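Q: Need coordinates for the following:
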Amino acid sequence: MQQLDAKEQESKVTGISSELSDYPKVLSVKQAAKILTVSPQTIRKLLYEKQLHGRLVGKHWKIRLSEIDRFLGGQS
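A: Okay, here's the model as predicted:
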């Protein structure tokens, strides 16, 4: 019970849902696709259409975990 309370408290501080708190704070396209249960190609499409926000680092997209949380919640 105390472990759950600590996790809930951390999610309030970071703004990330407790379901996502086990993931790294910065994700690859593949990791984001796994969380959203879509293909990496769909993640790239969402990024290019600016429905999902991320950064292109070299040839690789990086997406903040908080952005996945925002996307899932439908917030802008």
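
Q: Only C-alpha atoms from now on, for both contacts and neighbour counts.
A: Noted.

Q: Residue ranges in the chain under the pLDDT threshold?
A: By pLDDT under 70, the weakly predicted segments of the chain are 1-16, 74-76.

Q: for it, what's the longest strand?
A: Identified as the longest strand of the chain according to DSSP state E is strand 60-64.

Q: what packs against it?
A: Identification of packing neighbours for strand 60-64 by 3 or more C-alpha pairs under 8 Å, 6 or more residues apart in numbering; DSSP states H and E yields strand 26-27, helix 29-36, strand 55-57.

Q: what's the angle between it and helix 29-36?
A: Per axes from the mean of the first three to the mean of the last three C-alpha atoms, to 10 degrees, the angle that strand 60-64 makes with helix 29-36 is 40 degrees.

Q: Pull the distance from the helix or strand that strand 60-64 is followed by to the chain's centre.
A: Counting by DSSP states H and E, the next helix or strand C-terminal to strand 60-64 is helix 65-73. Averaging C-alpha positions (C-alpha atoms, centre = their mean, to the nearest Å) puts helix 65-73 5 Å from its chain's average.

Q: Stretch 17-34 now?
A: Using C-alpha atoms, centre = their mean, the distance between the centre of stretch 17-34 and that of its chain works out at 5 Å.

Q: so residue 32 sits right up against residue 44, yeah?
A: No. Using C-alpha atoms under 8 Å, residue 32 is not in contact with residue 44; the gap is 10.0 Å.

Q: And the two? Which one has more around it.
A: Per other C-alpha atoms under 10 Å, whichever of residue 32 and residue 44 has more neighbours is residue 32, with 22 against 17.

Q: residues contacting the more buried one?
A: When contacts are counted by C-alpha atoms under 8 Å, 6 or more residues apart in numbering, residue 32 touches 40, 43, 63, 68.
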